[in-house]
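**Q** Structure of the sequence below:
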Amino acid sequence: MTFWKRNEKGITVQYSENDPLDFYIITAVKEDQVGQFIIPKATLVSKGRLSTAGKDGKRGFRVYPPWAHPKSRLAQRTQDWQLKYFVAF
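**A** Model prediction:
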């Protein structure tokens, strides 16, 4: 699952530490599996996902719920830290 935003012209842009959000809440659904990632802004800044004054963030980023089975090491490491912020329903 990929998470991104678009500006008023429809162009994909980075989320920023200046956006008026304290947490990013991303709902993941697959068949009868449902949950949400509730990730603090500070975590996304530290992981390089949000733009800061000194560094561009990602234009989009993936989230990996527990039922995902990523194959690459990078995706597995990403899932490892993300699962701390996942709540299943």
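**Q** Surely residue 78 is in a helix?
**A** Yes. The assignment for residue 78 (DSSP: H, G, I helix; E, B strand; the rest coil) places it in a helix.
**Q** That one is in contact with residue 62, isn't it?
**A** Yes. Between residue 78 and residue 62 there is a contact under C-beta atoms under 8 Å: 6.9 Å. Every residue, glycine included, has its C-beta placed from N, CA and C.
**Q** what packs against the lowest-mean-pLDDT helix or strand in the chain?
**A** Least confident helix or strand of the chain, by mean pLDDT, DSSP states H and E, is strand 2-6 with a mean of 88. Counting contacts by 3 or more C-beta pairs under 8 Å, 6 or more residues apart in numbering; DSSP states H and E, strand 2-6 is packed against strand 12-13, strand 60-62.
**Q** Which neighbours in the sheet does the shortest one have, and how are they oriented?
**A** Neighbouring strands of strand 12-13 in its sheet, by DSSP bridges, are strand 2-6 (antiparallel).
**Q** Which positions within the strand it pairs with qualify as buried?
**A** Neighbour counts over strand 2-6 (16 or more other C-beta atoms under 10 Å) mark residue 3 as buried.
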